[in-house]
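S.K.: let's see this in three dimensions:
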Amino acid sequence: MEYLMTYGWAILVIVIVLASLLYLGIFNLNPPELCTMPAGMSCTNSYLRAGTAPATATTDCGTDDGCMNATFVNGLQKTIVVTNVSVSRNLNSFDGCASAARCTGFASGGVTVPLGTRFSVMLPVTDENGVPMAISSGDAFNGKINIVFYFKDEGASATRKITGNVFARAG
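M.R.: Model prediction:
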């Protein structure tokens, strides 16, 4: 019984010390920044930029706006035309880049992306309701990236959608 009490107190002290260290932030348990897409499309780079104001339908992702920059590679075996890209906390539909005024690196009517080619876009980040968010430095974002596209040889009537996951911390 004496040994059990001694070991019990020792384990309790260790647990309290570890909890204190975690509370004080000694161990950095933040997950790494991450952007994952289904097979055929890859996300090679993404970062979240802090801004003093959210981007809106009438402003692009300027220097003062909180936006996400993402780079994708087409591995879908054919040339595609990307007609919309959006980043949101969930799968709610939002015309992220359907309006070229909203996104840097995006053109009206879409962007033609040959097989194996990269395309980059800077776009507003939206909340659960599709409303652009203000992003402060150090804010974490966990959400979905939606890419709407069609294969160039099939035409715009056969649109498809790919959804990936993103976790980023604003810098």
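S.K.: can you tell me the distance between the two ends of stretch 148-166?
M.R.: 17 Å (CA to CA, to the nearest Å).
S.K.: would you mark the buried spots in that stretch?
M.R.: 148-150, 162, 164, 166 (16 or more other CB atoms under 10 Å). To be clear about C-beta, it is placed using only N, CA and C from the backbone, and glycine gets the same treatment.
S.K.: save the residues you listed as CSV, and put in secondary structure and pLDDT too.
M.R.: As requested, the buried residues of stretch 148-166 are exported to CSV (DSSP: H, G, I helix; E, B strand; the rest coil; pLDDT from 0 to 100):
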residue, secondary structure, pLDDT
148, strand, 87
149, strand, 91
150, strand, 92
162, strand, 91
164, strand, 89
166, strand, 86
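S.K.: would you turn the residues you listed into JSON lines with distance to residue 110?
M.R.: Listed next are the buried residues of stretch 148-166 as JSON lines, based on distance: CB to CB, whole Å:
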{"residue": "148", "distance to residue 110": "9"}
{"residue": "149", "distance to residue 110": "8"}
{"residue": "150", "distance to residue 110": "8"}
{"residue": "162", "distance to residue 110": "14"}
{"residue": "164", "distance to residue 110": "19"}
{"residue": "166", "distance to residue 110": "21"}
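S.K.: just give me the closest of those residues to residue 125.
M.R.: residue 166 (9.2 Å; CB to CB).
S.K.: wait, doesn't the closest one sit right on residue 35?
M.R.: Yes: counting by CB atoms under 8 Å, residue 166 touches residue 35, with 4.8 Å between them.
S.K.: closest to residue 118 among the buried residues of stretch 148-166?
M.R.: Residue 118 lies nearest to residue 149 out of the buried residues of stretch 148-166, by CB to CB, at 14.5 Å.
S.K.: about what we covered before: what is in contact with residue 166 and residue 35 at once?
M.R.: Listed contacts common to residue 166 and residue 35 are 43, 46, 70, 145; contacts here mean CB atoms under 8 Å, 6 or more residues apart in numbering.
S.K.: quickly list what residue 145 is bridged to.
M.R.: For residue 145, the beta-bridge partners are residue 87, residue 164 (DSSP bridges).
S.K.: tell me which helix or strand comes right after the worst-scoring helix or strand of the chain on mean pLDDT.
M.R.: Confidence across the helices and strands of the chain bottoms out at strand 53-54, with a mean of 60, counting by mean pLDDT, DSSP states H and E. Counting by DSSP states H and E, the next helix or strand C-terminal to strand 53-54 is strand 65-74.
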